[in-house]
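S.K.: Prediction below, plus the sequence it came from.
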Amino acid sequence: MKSTFDIKNWLPTTKKEIEMRGWQQLDVILFSGDAYVDHPSFGAAVIGRVLENLGLRVAIVPQPNWQDDLRDFKKLGAPAMFFGVTSGNMDSMINHYTVNLRKRSDDAYSPAGKAGFRPDRAVTIYCNILKQLFPETPIVIGGIEASLRRLTHYDYWDDVLKPSILIESKADLLVYGMGEKPLEEIVAQLKSGKQISELQNIPQTAFSINQHLEKHRDWNEHKLFSFDDCKKDKIKFAQNFKIIEQESNKLHAQRLIEKTGDKLIVVNSPYPPMTEIEIDKIYDLPFTRLPHPKYHDRDAIPAYEMIRHSINIHRGCFGGCSFCTISAHQGKFVSSRSAKSVLSEVEKVTAMPDFKGHITDLGGPSANMYKMQGRDLSICETCKKPSCIFPIICKNLETNHTPLTNLYAEVRKNPKVKLASIGSGIRYDMFFDNTPNVAPDKLQYFKDLIKHHVSGRLKVAPEHTDETVLKLMRKPSFALFKKLNSLFEQLNLRENLNQQLIPYFISSHPGSTIEGMAELAVETKRMHFKLEQVQDFYPTPLTLSSIIYYTGINPNTNEKIASPKTKESKLSQRMFFFWYQKEYRQQIVHLLEKIGKKELVTKIFGK
């Protein structure tokens, strides 16, 4: 967007911009694998604004060149406090490679969507360069890439176990999850005169120490199997994950300690969920909501184009899906903004010069968890379950959708808003809430959603039809999706609408079989769906599904679970999504005949 601007409204990115502010030295320099977009959906911008709000002099170096003479790393010198390093909003390996390990040709977080502006394993590469150039300056790492690798983890791309990213990156401190609260404490302690090596009691951080120092600590801790133990024994690695997941989902967690070589990796327990006041403060920071002016003469940044007019209303997700990284990163406890804060941001969006009346999302990790938490928080204090809604909805969970319905109604009252779409996925299992009929508050929410907040297509994620796979995924029975589809059709007919329900499905998840995928084709054909929103299972660090994929064991039951692992087996499952395309018919028939399931051929293709 070309417009008149004051470059000082953005965090500085160059020496010239720093001099314009009259600064002699910076306190913190952030390195990010993303282009710099000053928007609350971009993690580096949020952290930069939080640090700025603490009175620090902060700069961002977006997408530094790691392949030349390293001038991008040298140009701002050494900060007084620390370097902050993140790969960006995405894990750099997922950003770079498809599930079949083919190199992607695009990058949504770069101008024009061009690939090649960040390295593989960006956090480690950036840190190693900074340690080489400025060995005395501390490095704090964070973001999704660091967060999911805080302990021993399975690396799908090299097909090996890797140690904590603290080992390979040589970083001094790791912030996992959403980093605002730990960073505030880090800054406070550094200002008080402490050294980075002394910051060992800050929640939601991890660090490494020499093993011999451990005996001098008096910690409430849980010792995990060592990195070497995990490499030798997959069962021990699976047992480690069970503990990690439990502690990550407790309000009062133990510190985790894992031996790696002659080091101990120490992961402190997380902070409590943010209060409404705390989360509102983040979104009240002075974001321009625009890319830095350095990009004005370059092609658009696709990720920004997608979210520029979207609004995040809460964080966290209590769904606990086995394949999802949200609970490992944001946690299962939901923190919601006040309606006042959200409506204030609506005003800011409608004031943007390019706003044409469409807010593209009012949501979060899941669209319909706003203001939801335990009715009796003392029960939550002792809970360690990874999901509040699987296998059944917790009786202590408040699932009333009225606050969300009221918020939507307030947004609709804004005369500048023609449409506020809900782009985030909804958890439809909460509509049925273990009862035969949809409760009034859920029915009203769904009516309003379809009537006012769907621009033609509503996307939901049943993920599979096979009940065994769904249980492994921690997803509800496919029978509930059928209920949803029926309700959706009824409401469309009643309101004289022509909306479409678009289901998402995953193939090749642990436990998924050719027969199960054929049944999926049969079920979706019966419901008149021709699938388009589909994907292969992608093993990412620190998820239950990835642990099962690598070890072949469900750590919660010790049951052996097979996973499709070869390219051929994955493609064989994937083609059942597209049974209606002629090029797959012969292969599907051959596969089903081979496993003795000719009756499924008839169900899919008829006689």
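M.R.: On my side now, so go ahead. Please read these numbers as outputs of a predicted model, since none were measured by experiment.
S.K.: mind listing what residue 570 touches?
M.R.: Residue 570 is in contact with 99, 100, 507, 508, 536, 564, counting by C-beta atoms under 8 Å, 6 or more residues apart in numbering. Backbone N, C-alpha and C define where each C-beta goes, glycine included.
S.K.: Provide a PyMOL selection command restricted to the buried entries of those residues.
M.R.: Entered in PyMOL, the line below selects the buried ones among the contacts of residue 570, by 16 or more other C-beta atoms under 10 Å:
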select buried, resi 99+507+508+536+564
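S.K.: List the ones among the contacts of residue 570 that fall in strands.
M.R.: Applying DSSP state E to the contacts of residue 570, the entries found in strands are 507, 536.
S.K.: Surely residue 478 touches residue 465?
M.R.: Yes. If you go by C-beta atoms under 8 Å, residue 478 and residue 465 touch, sitting 4.5 Å apart.
S.K.: quick one: low-confidence ranges for the stretch 201-350 of the chain?
M.R.: Along the stretch 201-350 of the chain, segments meeting pLDDT under 70 span 212-219.
S.K.: that older thread, what touches both of residue 478 and residue 465?
M.R.: Joint contacts of residue 478 and residue 465 (C-beta under 8 Å, 6+ apart) are residue 523.
S.K.: how about the nearest residue to residue 387 once chain neighbours are set aside, secondary structure?
M.R.: Spatial nearest neighbour of residue 387, chain neighbours left out: residue 320 (2.9 Å); criterion: C-beta to C-beta, 6 or more residues apart in numbering. Following DSSP: H, G, I helix; E, B strand; the rest coil, the label given to residue 320 is coil.
S.K.: Against residue 156, how distant is residue 320?
M.R.: Remark: distance between residue 320 and residue 156 (C-beta to C-beta, to the nearest Å) = 21 Å.
S.K.: pull the helix or strand with minimum mean pLDDT from this protein.
M.R.: helix 326-329 (a mean of 86; mean pLDDT, DSSP states H and E).
S.K.: Which strands or helices does whichever helix or strand comes after it pack on?
M.R.: Next helix or strand after helix 326-329 toward the C-terminus (DSSP states H and E): strand 335-336. Identification of packing neighbours for strand 335-336 by 3 or more C-beta pairs under 8 Å, 6 or more residues apart in numbering; DSSP states H and E yields helix 276-283, strand 314-315.
S.K.: So what are the structural domains in the chain, by residue number?
M.R.: Domain segmentation of the chain under automatic domain parsing yields 7-194, 276-512.
S.K.: Might you report the residue contacts of residue 71?
M.R.: Contacts of residue 71 (C-beta under 8 Å, 6+ apart): residue 65.
S.K.: Equivalent analysis for residue 573, please.
M.R.: The contact partners of residue 573, taken as C-beta under 8 Å, 6+ apart, are 507, 508, 512, 514, 517, 536, 564.
S.K.: For the helix or strand where residue 166 lies, which helices and strands make contact with it?
M.R.: Following DSSP H and E, one finds residue 166 within helix 165-169. On a contact count with 3+ C-beta pairs under 8 Å, 6+ apart, helix 165-169 meets helix 122-133, strand 139-141, helix 144-147, strand 205-210, strand 263-267.
S.K.: how about a cut-off of 7 Å?
M.R.: helix 122-133, strand 205-210 (3 or more C-beta pairs under 7 Å, 6 or more residues apart in numbering; DSSP states H and E).
S.K.: residues near residue 526, how many?
M.R.: 10 (other C-beta atoms under 10 Å).
S.K.: between the domains of the chain, which gets nearest to residue 235?
M.R.: domain 7-194 (13.0 Å; C-beta to C-beta).
S.K.: Off-centre distance for the closest one?
M.R.: How far domain 7-194 lies from its chain's middle: 17 Å, per C-alpha atoms, centre = their mean, to the nearest Å.
S.K.: Could you do stretch 340-358 as well?
M.R.: Using C-alpha atoms, centre = their mean, the offset of stretch 340-358 from its chain centre is 25 Å.
S.K.: Kindly report the same for stretch 414-431.
M.R.: Distance, centroid of stretch 414-431 to centroid of chain: 19 Å (C-alpha atoms, centre = their mean).
S.K.: And stretch 326-346, by the same measure?
M.R.: When distances are taken as C-alpha atoms, centre = their mean, stretch 326-346 is centred 14 Å away from the chain's centroid.
S.K.: Next: stretch 365-372.
M.R.: On C-alpha atoms, centre = their mean, the centre of stretch 365-372 falls 15 Å from the chain's centre.
S.K.: average pLDDT across that stretch?
M.R.: Average pLDDT, stretch 365-372: 96.
S.K.: Same question for the nearest residue to residue 272 once chain neighbours are set aside, what's its three-state structure.
M.R.: Using C-beta to C-beta, 6+ apart and skipping the chain neighbours, the partner closest in space to residue 272 is residue 251 (6.4 Å). What three-state DSSP gives for residue 251 is coil.
S.K.: Now residue 31: which helix or strand?
M.R.: strand 28-32.
S.K.: Partner strands of that strand, with direction?
M.R.: Paired neighbours of strand 28-32 in the sheet (DSSP bridges): strand 58-62 (parallel), strand 82-86 (parallel).
S.K.: quick one: the closest residue to residue 166 other than its chain neighbours from residue 388, how far?
M.R.: Excluding its sequence neighbours, the residue lying closest to residue 166 (C-beta to C-beta, 6+ apart) is residue 208, at 4.8 Å. Remark: distance between residue 208 and residue 388 (C-beta to C-beta) = 33 Å.
S.K.: quick one, which of these two is more surrounded?
M.R.: residue 388 (26 against 22).
S.K.: Next up, the contacts around the residue nearest the centre of the chain.
M.R.: Computing the C-alpha centroid of the chain and ranking residues by C-alpha atoms, centre = their mean puts residue 326 first, at 4.3 Å. The contact partners of residue 326, by C-beta atoms under 7 Å, 6 or more residues apart in numbering, come to 317, 365.
S.K.: before we move on, back to that, mind checking the pLDDT average for the strand holding residue 31?
M.R.: 98.
S.K.: How about stretch 527-541?
M.R.: Rounded mean pLDDT across stretch 527-541 is 95.
S.K.: before we move on, what about stretch 586-599?
M.R.: 95.
S.K.: quick one: buried residues of that stretch?
M.R.: For stretch 586-599, the neighbour count (16+ other C-beta under 10 Å) marks 588, 591, 592 as buried.
S.K.: One more: stretch 480-491?
M.R.: 480, 481, 483, 484, 485, 487, 488, 491.
S.K.: Next step: the residues you listed restricted to helices.
M.R.: 480, 481, 483, 484, 485, 487, 488, 491 (DSSP state H).
S.K.: ok, the third one touching residue 431?
M.R.: No. Between residue 483 and residue 431 no contact is recorded; they are 8.1 Å apart, counting by C-beta atoms under 7 Å.
S.K.: is it true that the residue nearest to residue 387 touches residue 390?
M.R.: Yes. Contact criterion C-beta under 7 Å: residue 320 and residue 390 qualify, at 6.1 Å.
S.K.: got any residues that touch both of those two?
M.R.: The contact lists of residue 320 and residue 390 share residue 474, where a contact means C-beta under 7 Å, 6+ apart.
S.K.: from the contacts of residue 570, which is closest to residue 186?
M.R.: For these, the nearest to residue 186 is residue 99 (35.8 Å; C-beta to C-beta).
S.K.: ok now do residue 439, which residues does it touch?
M.R.: Applying C-beta under 7 Å, 6+ apart, the residues near residue 439 are residue 433.
S.K.: Compute the distance between it and residue 403, please.
M.R.: 14 Å.
S.K.: cool, and residue 19?
M.R.: Counting by C-beta to C-beta, the gap from residue 19 to residue 403 is 48 Å.
S.K.: quick one: which of those two has more around it?
M.R.: Between residue 19 and residue 403, counting by other C-beta under 10 Å, residue 403 is the more crowded of the two (16 against 11).
S.K.: Isn't residue 183 up against residue 175?
M.R.: Yes. Counting by C-beta under 7 Å, residue 183 touches residue 175, with 6.4 Å between them.
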